[in-house]
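Peer 1: Would you be able to build a 3D model of this:
(chains A and B)
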Amino acid sequence: MSASQPGAAVSLRAAGRSRRRLRANVAAEASAVAAALIAVGFLAVLVGSVLVRGVHAINLNLFLKGPAVFGQSGGGIAPALVGTLMLVSLATAVALPVGVLVALYASEFAPPRVAGQIRLWLDVLNGFPSIVVGVFVFALAVKTKVPLLGIGHHQSVFAGAFALSIIMLPLVSRTTMEVLALVPAGLREASYALGVSRWRTVLGVVLPSARGGIVTGTTLAVARAAGETAPLLFTCAISGLVVSWNPALSTASIPVTIFQYSESPDRQLNAQAWAAAFVLIAFVLATSLVSRILLERSRRKLGVG
Amino acid sequence: MEAAAASPSALRRTRRLADRLGDDGLRLLTGAAAVLALVLIGGIVAEVVGGAWPAVRRFGLPFVWHGTWNPVFGREAYGARNFVVGTLVTSFGAILLSAPLAVAIGLFLSELAPPAIRAPIAAMVEMLAAVPSVVVGLWGILVLGPFMRSAVEPALQGVLGWIPLFGGTPSQSGVLVAIVVLAMMTIPITASVCRELFLGVPRELREAAVGLGATRWEMVRDVVLHSVRGGVVAGVILGLGRAFGEAIAVTQVIGNNLRSAHLSLFATGNTLASQVAASYQGAGSSLEVSSLVYLALILLAITFAANLAAQRIVHRFDVRQRGGR
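Peer 2: Predicted structure coming up:
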């Protein structure tokens, strides 16, 4: 614009094309900042409403009592807490060793092409819809009897934990692989140079240095499994009113309870769903925070070592 | 140290045996675990195909685009069209909302944010991914839904009401609510892929562009986005795969209505995953069960294709990036 005024002093302000470019730049930067704000806003609103509504509904009875008999008020989610505890511990007991072994095979023993395939298929398994995992376990262990274990024909903690372990396996395995890849080759070579055999090197040198990563992967997987609903819907969703410690029977769990109560027209059950969501989200966010810190620490340790 | 104490030859002999057994044993054990994992994947696919087989034989491929779903005994007829359409509409709608946001977040975290707030915001975005879907659904049904009905949907209708998509009556559960909920769930997935990709673009390339007089946005557009565009697409597809397969949150907010052939986004609907989640347990006849598993099979095929494509691109990308440096 200043170019259209002959005789005016030379302006240092951007004009014409460069002004357009600068404007485009400002617009693009502003929208990136706005997008980040929206994402953070989503999290804030989500966690905020769970906090506000959850805190109101939390009381001691919630953790100590079972659901109220129909028509009565009060009641709690104690059976669901116990159920989730059992489900997640059993699932971890299966997924942790298998996941670590798969990772060890892929990064220590398998030829590179095979290792790449294993990695790819674990990622594919991680992308499987969890509802399909539920259908699979229902068909395998609920509809028919598992001949080896003699469980089945009804929903059970075993079936639910099996479904959750399928969800956990790729998470544990992939994180472990990532950390195993960070273990310096020098450590292995030093061990071989001392005449230590391969298996003792793997178990005595490689695995201990990757311990941090394995813990991280497991915590991440536990956080994920604790909140999974879809795999439990057909495998472990029928529940009674009292705490049950028997893994051969079906039990309530936190996510399924939230799912059922959220669709209830009863406001009191809605409130309990918020309280359960509060407990769940606090657990999940705390564990994923811890796992992030652990991962950073083990990365730094391996980066230095 | 031990070698000095024990007789060397005896030690060598025992160690050789233990090591040979140990090496082979550990290789076998870990290999067995890997085979188990692959068998598990194969087993899931086989079980779903097997469960769907009666419906596949009865209806064949036309099942996919057949529009009726009638479980009434004697007049049973099943077709997946409404659910396929519902899955595609909700997922692509969610991606339409989330992809630009996620790319912008990735750019913010890699290019713009001051170092001090970079890590906390990246952590918060990843925490959004960690929120269980049932909690997102709870929020969707009790907070977002009423808000959409009373505020967002009337406003949309006021401006865009002439488009059939925004016609109909605003409601607190429906396709649009599902789209927003799915968008929230896919943002962190795409955003973290984008962030990693953008951070991987070599510093010299950026500096060269800025040195040639490019503004920051031009540098981002022509250098950063241009060099990782395949990876960004892969990140979006990963989000899409998640949206396809999400059952719980969608079931909570979409209303699970069988008559989902409306054009309106405000109307209730259904997706492949939500239909399986809502009806599998209570299904009556074996044909209905099998038809539901057929829906799961279609879902599995779609997500499988999406994930495989995305993984292929991402893997190739890693290799190319590392090879280039």
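Peer 1: which bits of the stretch 51-200 of chain B sit near chain A?
Peer 2: Proximity of the stretch 51-200 of chain B to chain A, by Cβ under 8 Å from any Cβ of the partner chain, involves residues B:51, B:100-102, B:104-105, B:107-109, B:111-113, B:121, B:123-128, B:130-139, B:141-143, B:184, B:187-188, B:191. For every residue, glycine as well, the C-beta is placed using N, CA and C.
Peer 1: where does chain A dip in pLDDT?
Peer 2: Along chain A, the parts satisfying pLDDT under 70 run over A:1-12, A:14, A:69-73, A:143-153, A:303-305.
Peer 1: Pull the contacting residues for the residue nearest the centre of it.
Peer 2: By Cα atoms, centre = their mean, the mean C-alpha position of chain A lies nearest to A:R224, the distance being 2.4 Å. A:R224 is in contact with A:I167, A:M168, A:L171, B:A130, counting by Cβ atoms under 8 Å, 6 or more residues apart in numbering or on different chains.
Peer 1: Please, which helix or strand holds it?
Peer 2: Element membership for A:R224, per DSSP states H and E: helix A:211-227.
Peer 1: From A:P112, how far off is the closest residue to chain A within the stretch 151-300 of chain B?
Peer 2: Nearest to chain A, among the residues of the stretch 151-300 of chain B, is B:G245, at 2.9 Å (Cβ to the nearest Cβ). B:G245 sits 30 Å away from A:P112, going by Cβ to Cβ, to the nearest Å.
Peer 1: more crowded one of these two?
Peer 2: Legend: neighbour count by other Cβ atoms under 10 Å in any protein chain shown for B:G245 and A:P112, higher for B:G245 (28 against 8).
Peer 1: so what's that one up against?
Peer 2: Residues in contact with B:G245 (Cβ under 8 Å, 6+ apart) are A:G127, A:F128, A:P129, A:S130, A:I131, A:V132, B:A273, B:L299, B:T303.
Peer 1: Quick one: classify the one residue sitting closest to the centre of chain B as helix, strand or coil.
Peer 2: Residue closest to the mean C-alpha point of chain B, counted by Cα atoms, centre = their mean, is B:R242 at 1.4 Å. Of the three states, B:R242 takes helix under DSSP: H, G, I helix; E, B strand; the rest coil.
Peer 1: show me the residues around it that make contact.
Peer 2: A:G127, B:M185, B:T186, B:I189.
Peer 1: ok but the last one is inside a helix, no?
Peer 2: Yes - judged by three-state DSSP, B:I189 forms part of a helix.
Peer 1: Verify the stated contact: it with B:L238.
Peer 2: Yes - counting by Cβ atoms under 8 Å, B:L238 is a contact partner of B:I189 at 5.4 Å.
Peer 1: which residue packs closest to the residue in the stretch 1-150 of chain B positioned nearest to chain A, ignoring adjacent ones?
Peer 2: Nearest residue of the stretch 1-150 of chain B to chain A, counting by Cβ to the nearest Cβ: B:P132, 2.5 Å away. Nearest non-adjacent residue to B:P132, counting by Cβ to Cβ, 6 or more residues apart in numbering or on different chains: A:G227, 2.5 Å away.
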